[in-house]
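**Q** A predicted structure for the sequence below; I have some questions about it.
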Amino acid sequence: MEENNITIHVQNPDGSRTELEAPVDMGLSLMEYLKACEYDILATCGGMALCATCCVDVLEGEEKLNEMTDDEYAMLDTLPDLLPNSRLACQLQLNHAMNGLVIKLHHAE
Ligand code: FES
């Protein structure tokens with residue numbers, strides 16, 4: 001692994017996992033990175049914690065993430081199918097601590 005990359009695993013709907021190498025030195029959020037990898041994330045609010053279309057469920061590594069802001073919590077709280085490990089990917093800036101994170105797109109079939 002290069003110094004400025006971390007590994008993130010995305011669990012696919014069939015249960016398999018895709019390993020991604022994400023850069024931490026470009027100021028990207030997890031939402032921006034997943035979109036760049038062509039995951040199906042609308043991100044209609046552009047990363048303002050206002051649409052919840054970027055919601056991901058964190059399967060492993062939740063403790064590595066920054067604490068939720070009130071705005072993130074308020075938006076997540078509007079989702080009828082919210083899970084305790086759901087987060088807004090636009091509110092998670094990629095950083096070294098997130099290495100090894102395992103996520104799943106909340107809205108993936
Ligand atoms: S992109 Fe809209 S809430 Fe994250």
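**A** Looks like it came in fine. All of these numbers come straight from a predicted model, not from anything done at the bench. Numbering: from 1, shown residues only.

**Q** What parts of this structure come near the ligand?
**A** 31, 43, 45, 47, 49-54, 75, 88, 90 (Cβ under 6 Å from any ligand atom). Every residue, glycine included, has its C-beta placed from N, CA and C.

**Q** Buried members of those into ChimeraX, please.
**A** Selection of buried members from these for ChimeraX, criterion 16 or more other Cβ atoms under 10 Å:
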select :31,43,47,49,51,52,53,54,75,88,90
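
**Q** pLDDT wise, what is the residue most central in space within the chain at?
**A** Centroid check for the chain by Cα atoms, centre = their mean gives residue 89 as the closest residue, at 3.4 Å. We have a pLDDT of 98 for residue 89.

**Q** Also residue 3?
**A** 82.

**Q** So which elements touch the helix or strand harbouring residue 73?
**A** Taking DSSP states H and E as the definition, residue 73 sits inside helix 70-76. Here helix 70-76 touches strand 86-88, going by 3 or more Cβ pairs under 8 Å, 6 or more residues apart in numbering; DSSP states H and E.

**Q** next one: the strand it packs on to chain centre, how far?
**A** Distance of strand 86-88 from the chain centroid (Cα atoms, centre = their mean, to the nearest Å) equals 7 Å.

**Q** Please name the strands paired to that strand in the sheet, noting orientation.
**A** strand 55-60 (antiparallel) (DSSP bridges).
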